[in-house]
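Chemist: Quick one, fold the following:
(one chain, ligands or ions: 2)
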Amino acid sequence: MNCHQCQKNCYSIKQKHSWWTRLTKKYRKEPLLAIDGNIALVGTPNVGKSVLFNRLTGNYVTVSNYPGTTVEVSRGIAKIKDYQIRVIDTPGMYSLVPISEEEQVSRDLLLEESLDMVIHVVDAKNLGRMLPLTFQLMEAGLTVILAINMIDEAEQLGLKVEPDALKIELGIPVVVMSAALNRGVRELKQTILQLLSFQPEPDSANVEMVR
Ligand SMILES: Nc1nc2c(ncn2[C@@H]2O[C@H](COP(=O)(O)OP(=O)(O)O)[C@@H](O)[C@H]2O)c(=O)[nH]1
Ligand SMILES: [Mg+2]
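Modeler: Ligands and ions are numbered 1, 2, ... in the order given. Down below sits the predicted model:
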């Protein structure tokens, strides 16, 4: 008895499955990503938003023009532990009251994207000039993490930043970092998960910057 005569039909089903599987393999869609959070990087130009964006997202990135403009917006997925967080790298902005097209796009993104939080990236060398935007973001009702970037350059200039004092004064998480040197990025990721309630509060020692 050969396979054609066999009532069980097991061999042919197996074969059928295998050629069908192979045939449809290249048309099969990737499973949809389950997104655990939405965050945006905001701040003035040249503070290291894009360097941080690349550190967080790696290869999972798309770049497109914001509709109706020539302003580019990068979007990506940060994989932090088992969580997938959607990250937007917004164009540079000085204030929530827009003057330039870039600022308008950033403001619109903050309003439209139903964000879980924003990471306000600031230059450690020019903290005073940048904190007014932190207040504006907080006043707008956004959940804010203050990422004090370029600490390496501030240290070279002999500037001292006191994140704990700022954390108490502002009442928001503060992370000191150098995106270019990959310093403090791990703490930032930890803080993101804590704010998304995926991780318990660490003891204060863990919030300290780790080289
Ligand atoms: N020294 C130092 N340079 C940095 C750091 N982060 C970013 N940069 C540099 O700052 C410049 C502006 O960075 P970019 O990510 O394009 O800023 P953005 O305009 O905020 O997106 C680039 O030349 C980066 O290499 C940092 O932590 N330390
Ligand atoms: Mg940029």
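
Chemist: Now residue 74. Nearest residue, chain neighbours left out?
Modeler: By the measure of CB to CB, 6 or more residues apart in numbering, the closest residue to residue 74 outside its immediate chain neighbours is residue 89, 4.1 Å from it. To be clear about C-beta, it is placed using only N, CA and C from the backbone, and glycine gets the same treatment.

Chemist: and that neighbour, what is it in contact with?
Modeler: Taking CB atoms under 8 Å, 6 or more residues apart in numbering, we find residue 89 in contact with 40-41, 49-50, 53, 73-76.

Chemist: and the residues you listed near ligand 2, which?
Modeler: Residues of those in contact with ligand 2 (CB under 5 Å from the ion): 49-50.

Chemist: So which of the contacts of residue 89 sit within helices?
Modeler: Assignment to helices by DSSP state H places the following of these there: 49-50, 53.

Chemist: contacts with ligand 1 among the contacts of residue 89, please.
Modeler: Among these, proximity to ligand 1 is found for 49-50 (CB under 6 Å from any ligand atom).

Chemist: so which of the contacts of residue 89 would you say is closest to residue 173?
Modeler: Set against residue 173, the nearest of these by CB to CB is residue 41 (14.7 Å).

Chemist: Counting residues, which strand of this structure comes out longest?
Modeler: For the chain, the longest strand by residue count, based on DSSP state E, is strand 72-80.

Chemist: ok, that strand: who's next to it in the sheet?
Modeler: As defined by DSSP bridges, the strand partners of strand 72-80 come to strand 61-65 (antiparallel), strand 83-89 (antiparallel).

Chemist: How many neighbouring residues does the closest residue to ligand 2 within the chain have?
Modeler: Proximity to ligand 2, evaluated over the chain using CB to the ion, is greatest for residue 50 at 3.3 Å. Around residue 50 there are 16 other residues, counting by other CB atoms under 10 Å.

Chemist: Alright, calling it a day.
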